[in-house]
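this is the structure alone, sequence omitted:
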Ligand SMILES: NC(=O)c1ccc[n+]([C@@H]2O[C@H](COP(=O)([O-])OP(=O)(O)OC[C@H]3O[C@@H](n4cnc5c(N)ncnc54)[C@H](O)[C@@H]3O)[C@@H](O)[C@H]2O)c1
Ligand SMILES: O=c1ccn([C@@H]2O[C@H](COP(=O)(O)OP(=O)(O)O[C@H]3O[C@H](CO)[C@H](O)[C@H](O)[C@H]3O)[C@@H](O)[C@H]2O)c(=O)[nH]1
């Protein structure tokens, strides 16, 4: 079985990718410092090495010990406002982490890398939907550090024969459809997680940041991609590299935008109850709309998303969040308390 090192595999997206690798017959090995990830997100039987991806010695030893043939690199810091408040920590983790990883790949002779990048590299795009070849002008340290990591990987590739696929994710949401994993961070800030919290009675309302954008209903528009589809895009990228495919930088979204109000309506449909909201001023640094040109990932990698619907994304997110709520609040289970 082909062994694949998954950095950040105890986190939200990395954890889903570990499941997709297992489902596809690969042997994932997780390296995670558990700074935001959780030990119990790693499935039984999957080796977990607790440590920092910037520790090139540790990573090289891990690659050799497990005879890894490729790396999926998810480990990073990723909260945009936090990156504005703590830019040095973000540059250290996202750039020095990638540097340590690349050094260890070169030392251990591992030449295939799938990298977690982000639509935050684009900043506020001039033309929508966004193609991969437009100029990248990130507007926060998170996006800037990810763009720098992409460039670092490009330089390492040119000098050391490493091949890579960088996937620029748009708005990742949802949870494993089989309920095995999902977003575990407390204190949700993302829209869908926040709206689920409101539907489950864990918060009073959702704040809608701006209703005066130049969008169909005035609220912000995003391209939401289901985390399980994103995970299979990683497996497709891995196959491409294992089959000798060349370097790629690809958007990962569905190519369709949904407004904040449309998301709230979808959560209301899934929960069967209303989600109170209040309109507030725009959130600083938010682009009005961000939608991918997402043909490349389908055409070049043969990616076939199967959860490509806002209702599906929201339904799986709500089901996952519901498991952490009081039983009586679980969607579709009005009598749950009686059975508890
Ligand atoms: N969540 C999103 O909406 C989104 C969007 C675009 C891109 N991304 C990218 O996807 C990747 C995964 O994000 P996520 O949402 O799963 O976040 P997450 O916080 O759930 O996962 C990150 C994981 O990396 C680990 N980690 C962080 N720094 C580390 C280090 N130095 N050494 C070892 N492990 C470390 C954490 O403990 C955690 O398990 C990140 O690279 C992020 O930039 C996420
Ligand atoms: O409580 C909330 C939260 C969000 N929003 C709005 O909902 C939309 C989505 O916001 P999220 O916070 O869910 O996600 P972002 O688009 O800000 O950012 C996410 O997607 C980006 C790529 O598109 C980056 O990857 C980034 O790291 C990741 O957090 C935006 O219009 C935002 O203003 C609200 O109205 N209320």
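Perfect, I can see it now. These figures come from a predicted structure and were not determined experimentally. Residues are numbered from 1 along each chain as shown. Ligands and ions are numbered 1, 2, ... in the order given.

pLDDT at residue 327, what is it?
We have a pLDDT of 45 for residue 327.

what sits against the residue lying closest to residue 259 once chain neighbours are set aside?
Distances taken as Cβ to Cβ, 6 or more residues apart in numbering put residue 219 closest to residue 259, at 4.6 Å, once the chain neighbours are dropped. Just so you know, the C-beta spots here come from the backbone N, C-alpha and C atoms, and that holds for glycine as well. Contacts for residue 219 (Cβ atoms under 8 Å, 6 or more residues apart in numbering) come out as 208, 210, 211, 213, 259, 260, 261.

most neighbours, which of those residues?
residue 260 (25 neighbours; other Cβ atoms under 10 Å).

spell out the residue ranges of the helices in the stretch 101-250 of the chain.
Assigned by DSSP state H, counting those that start in this stretch, the helices in the stretch 101-250 of the chain fall at 141-160, 191-199, 227-242.

do the shortest one and ligand 1 meet?
Read it as helix 191-199. No. Helix 191-199 is not in contact with ligand 1 by Cβ under 6 Å from any ligand atom; minimum separation 9.9 Å.

give me the helices and strands touching that helix, please.
Here helix 191-199 touches strand 171-173, strand 206-209, helix 260-271, helix 310-323, going by 3 or more Cβ pairs under 8 Å, 6 or more residues apart in numbering; DSSP states H and E.

just the pLDDT at residue 287, thanks.
For residue 287, the predicted pLDDT is 89.

that should have said residue 324, apologies.
With respect to pLDDT, residue 324 scores 70.

hmm, back to that, which one of the contacts of residue 219 is nearest to ligand 1?
residue 260 (15.7 Å; Cβ to the nearest ligand atom).

contacts only, for that closest one.
Residue 260 neighbours (Cβ under 8 Å, 6+ apart): 191, 208, 209, 219, 220.

let's have the residues you listed in JSON lines, adding distance to residue 154 and pLDDT.
Output for the contacts of residue 260, formatted as JSON lines (distance: Cβ to Cβ, whole Å; pLDDT from 0 to 100):
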{"residue": "191", "distance to residue 154": "32", "pLDDT": "96"}
{"residue": "208", "distance to residue 154": "39", "pLDDT": "98"}
{"residue": "209", "distance to residue 154": "34", "pLDDT": "97"}
{"residue": "219", "distance to residue 154": "36", "pLDDT": "98"}
{"residue": "220", "distance to residue 154": "31", "pLDDT": "97"}
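
close to ligand 2: what parts of the stretch 51-200 of the chain are there?
With Cβ under 6 Å from any ligand atom as the criterion, the stretch 51-200 of the chain comes near ligand 2 at residues 78, 80, 118, 119, 120, 169, 170, 171, 189, 190, 191, 194.
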